[in-house]
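>>> A structural model of the following input is requested.
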Amino acid sequence: MDLAVLVTVGGASLLVIGWLIDKFFGGLVEEIGKRTLDRLLHRPSKGPLSRRAVRKYVSDVRRNYATHTVGFRRDDAAITVEEVYIPVQYESGGRRLNIEHVVAGKSRVIIVGEPGAGKSMLLKHLMLAWARDPARDPHVPVLIDLHQYGSTTLRELLARALSHGRHQFSVEQLDDALNAGRLRLYFDGLDEVARDHLPAALNELRELARRNSECPMAVTCRESVYKGMLAAEFGAPLEVAELDDAALRRLLLHLIKDRKRCELLVAALRASRHLLELARSPMLLTMISYLYMDGLFGERAERLPKSRSEFYEQAIAYLLRRDEARGLDGLTRHGSALKLAVLRKVALLLMNNPNGRTISHRDLLAAVRAEADDFNLEPRQAAELIDEIVDRSRLLIRLAEADQIYAFRHLTLQEYLAAVELSKRGDDLLRLYRGDPAAWQEVVRIWCGQVSEDCTWLLRAIYVDPKARPLVLLCLAEATRVDYVFAEEVIDVFIDRVRCEEHLQEPVVRALGTLAGAGGPRGQRVLSRLLEIADPDANTPAHVAYRVLAASGHPEALRRLLEAAESNPTARQALRAMGDLAVPRLAKEWRTWAIDELGLLGTPAAAEALVELLPEFYNSERVAWWLAALLNSDDVRASLGGNTSEGSTTWITRPYRGDWSPRLCSVVEAVVKTLRGPELSHSVEGLRSKASPDSSSVALPPDGLPPIFPPVALASLATDPNPLVRLNRTLPEPARAAVEVIKSRTRLSSSTLAPSESDQVWSALSAISPKHASDDKLRVAADELAELVISQAEVGEAVKNLLRALEWPMRAVVAGGLRKGWGGRQDWALLGETRAEPRFLRRAFAASLWLTALLVAGTGGYRFVSTIRGSGPWGPTWLAWVTTGGAFLLLAAGVLVLLKSLLHIGETAGIAAGCAVSLGGLLSAGGLSAYGVATLTDWRAPLLGSYGVWLLISATGICTLLGLNYRQRHRRWANPYRGLLIRYAPQCLPSGTAPAHDQVT
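Numbers count the residues shown, from 1 in each chain. Modelled structure (predicted):
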């Protein structure tokens, strides 16, 4: 073979290879070219928020906010925020909603709540969520601790929070970032701003909100302190809801990490109504759990305190004597009584301090030395005593090591110690309260609960102010001794407000409920009057009375609420607020509304009740729907899986038999079979043959149903393998608008969208990812397209309803996958099997395919050139001309396609070039293949002879065998259900199927 022939054959082979590259990788090459050009033309500036600076800031966020110090743990170690965080909720329209979604979706939010309600933990969680995927939000979040405000302005605090490494953010750079709308601002603890500085802080917040409309802002504050000061800029506040029974159990399980001990503590809390109300605060529940694990309350929590004051007293005494209990007496030189006396003095000093929360090392030393003689303490020992309190008891902490600034770990501890210090000085407390009611009202409440003397005189003095009357009622619920006549006078006022349906804040509702559930003559009178107001036969509104009765936890209150719940949604909401106390009675109601309330309650006890009702209740589909939603809870699954009794299982739960008990498997089986109903008995062909499936017998999900457990929907989908969806090529206008919304909000490149409108639906749905979960506009658009696809899928109506009940990002992706199908029972059964990716087999198959193609293309190119030259012609003349034309067309169009991004040609020209490439490649490849196959199968060929036939047969056979083997093994590795769960519900993966890095695409 001469040089000219080799060059010609090589050129033809390169043409074929170029066509194959364009066919399979042309879009990728084009996209890389576009992105490279875009980076060259729009290189980011090296300013304070450059990519490099943001990466450093992300590292700072992960380091600074990943942990939270509690101070009650045995080893004094900090807790991991993401391990113990549970969603902070608020109530709206009788439902509990996640505040996190509101903060992500609104530009201005004010969050109020009781001390320790989880406001600060929420902001830390939001910072960490951003740091996990900074690309999900174009705004860079900044968390500012407002208790530091005073000596510096808000802008200086912002600049300090953004500073990282060697670079220090200046106020001028901060203004540039604010003007560009690059920041998301979280201001924590408006109530902790010093009283003298609060007006200035409010003015700065208002100015920031007005001037920087593109920067979202959120502010947290104590409910008792916030009086609508930022209403014009931030709107109505969101009030953090206290922990319900389900959230309380979930947080305890995160903290204790021992289900048996968790159940013991929950039972003990439920037996002590007063402490249960305290435990609905995340901060107090955290304290209770760690002190319980340290053995302070007994093995079965039988020594739980009965009031908040008693709890604080025990907790502080324990922390001061903790070293003695551990046998570490040698580390402490000063007695607990002395430390307590010093802490009481410091607490009162801080309450009177304009800064409110912090004290410098010099001022703290001076305060201790000033009382040294009274403490029988040498002045030189003051510093040693302070270090011992900080390092050993952890009640005081150093906020800034360099500046030596101190504060109490929790503000409520400071307030309790100040109340103890004033226990014999009620007149001073009243004077201080009148000077600043917002700062001292918590101290007044604690004082009334911990003194044994009659506190009527103090409450009468406070009661004169109508605005302070709710505080007096709160004090009545905790006070040790109050005059009967005065107490009845106060109660009468609030009972009248209940009767008149006036709005009562949640602390007031809880206080009245505590009085009604406390027993004794006073409690019985309050309870009887509330029951009278809430009498269903009275035909008068009693919404407020229902709330108060629910807060009482009294059996009579439960009975009255059940009587009213049949026709009153507010009474049902109140029943739900009673938590697990209402579960046994709701389970006996045998009503659809009672099933809904059990589902909304969501505790393991409610799930157990629903499991018992599933085979017996006349509307078993409704029970199954709620169980499908509750199975999302780890706590519920653990509770249902605690029973190891045998249960009937089929292919539906086969992937999870190593993780779930037989009982939990049988529950999931029953839920799937109940929701699928008679459809399971139909064959796939029977389902597809139905022109319009009868949906009259298919139960719709209840209103307000949360997203269901993904394996329930996916197992149901697996019964209909490869359902076909045929969309019209022309979309309705709402679907077109939805595609445009997804393109804009996911930055989906127009070049990656197919020209067909129906094909654009699949591309848009596939662009949805978990990071878009908080984007409400994107959710609406994705739901529009998902509904368009699901409604036309050739599956049963029950499966459609199950797919619609998934979390919306997963629903969109599942709908997008219906174009090719999700596989059948075999793929679902293989979900639990983990196999390594068959990379060697893939490479061997690709290599054999390329070698075979090169063999055919090279031989065909040689024969084609021989035909053109006339030295060894084969076949008709027109085939040679067609092959030649196709080669030239491929070469010209291929060059144009590769340079398209640099030439900026129009979309129409780009489509034409792509069509030319395809046509040229088809013509040249077809001609060369014909020449190559003819030459290889020609027994009389001058070069190969009979060996060509066997070479072609061998190469084709090897490719076929490798391809079939690779397809079989790849199916086990690239399981479609596993890939879906890895991205959208990793908690639902069977154990031992941890997501491999290369499977997360």
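>>> how about the nearest residue to residue 124 once chain neighbours are set aside, what does it touch?
Leaving aside its sequence neighbours, residue 124 sits nearest to residue 65 (C-beta to C-beta, 6 or more residues apart in numbering; 4.5 Å). C-betas here are computed from N, CA, C, even on glycine. Residues counted as contacts of residue 65 (C-beta atoms under 8 Å, 6 or more residues apart in numbering) are 81, 124, 127, 128, 131, 143.
>>> got CSV for those residues, with secondary structure, neighbour count and distance to residue 428 too?
CSV is the format used below for the contacts of residue 65 (DSSP: H, G, I helix; E, B strand; the rest coil; neighbours: other C-beta atoms under 10 Å; distance: C-beta to C-beta, whole Å):
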residue, secondary structure, neighbour count, distance to residue 428
81, helix, 16, 39
124, helix, 21, 37
127, helix, 21, 41
128, helix, 19, 44
131, helix, 19, 47
143, strand, 19, 37
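>>> Between the residues you listed, which has the least confident prediction?
Lowest pLDDT among the contacts of residue 65: residue 81, with 81.
>>> residues contacting it?
65, 66, 67, 68, 121, 124, 125, 128.
>>> and those as JSON lines, adding secondary structure?
Listed next are these as JSON lines, based on DSSP: H, G, I helix; E, B strand; the rest coil:
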{"residue": "65", "secondary structure": "helix"}
{"residue": "66", "secondary structure": "coil"}
{"residue": "67", "secondary structure": "strand"}
{"residue": "68", "secondary structure": "strand"}
{"residue": "121", "secondary structure": "helix"}
{"residue": "124", "secondary structure": "helix"}
{"residue": "125", "secondary structure": "helix"}
{"residue": "128", "secondary structure": "helix"}
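>>> Looking at those residues, which is nearest residue 703?
residue 125 (29.3 Å; C-beta to C-beta).
>>> residue contacts, the closest one?
81, 82, 85, 100.
>>> picking that back up, closest to residue 564 out of the contacts of residue 81?
Of these, the one sitting nearest to residue 564 (C-beta to C-beta) turns out to be residue 121, at 36.3 Å.
>>> so what's residue 393 closest to, chain neighbours aside?
residue 319 (4.7 Å).
>>> which one of the contacts of residue 125 has the most neighbours?
Top of these by neighbour number is residue 85, holding 21 neighbours under the definition other C-beta atoms under 10 Å.
>>> any idea how far the residue nearest to that one when sequence neighbours are not counted lies from residue 277?
Nearest residue to residue 85, sequence neighbours excluded (C-beta to C-beta, 6+ apart): residue 125, at 4.8 Å. Distance of residue 125 to residue 277, given as C-beta to C-beta, to the nearest Å: 25 Å.
>>> Please apply the same query to residue 603.
Distance from residue 603 to residue 277, counting by C-beta to C-beta: 17 Å.
>>> Of the two, which one has the most company?
Neighbour totals were compared for residue 603 and residue 277, and residue 603 leads with 25 against 21 (other C-beta under 10 Å).
>>> Surely that one is in contact with residue 578?
No: using C-beta atoms under 8 Å as the test, residue 603 is too far from residue 578 to be in contact (11.3 Å).
>>> ok, which stretches of the stretch 451-600 of the chain are strands?
Using DSSP state E, counting those that start in this stretch, no strands are assigned anywhere in the stretch 451-600 of the chain.
>>> Helices of that one, start to end?
456-463, 469-478, 484-499, 506-517, 520-533, 543-552, 555-565, 569-577, 583-587, 592-601 (DSSP state H, counting those that start in this stretch).
>>> looking at the ones you listed, which is buried most?
Highest mean neighbour count of these: helix 543-552, a mean of 26 (counted as mean count of other C-beta atoms under 10 Å).
>>> what helices or strands is it leaning on?
When contacts are defined as 3 or more C-beta pairs under 8 Å, 6 or more residues apart in numbering; DSSP states H and E, helix 543-552 sits against helix 484-499, helix 506-517, helix 520-533, helix 555-565, helix 569-577.
>>> In contact with the nearest residue to residue 584 once chain neighbours are set aside, which residues?
Nearest residue to residue 584, sequence neighbours excluded (C-beta to C-beta, 6+ apart): residue 609, at 7.6 Å. Listed by C-beta under 8 Å, 6+ apart, the contact partners of residue 609 are 583, 584, 586, 587, 598.
>>> How about residue 619?
With C-beta under 8 Å, 6+ apart, residue 619 has these contacts: 592, 595, 699.
>>> isn't the second one right next to residue 613, touching?
Yes: the pair residue 595 and residue 613 qualifies as a contact (C-beta under 8 Å) at a distance of 7.1 Å.
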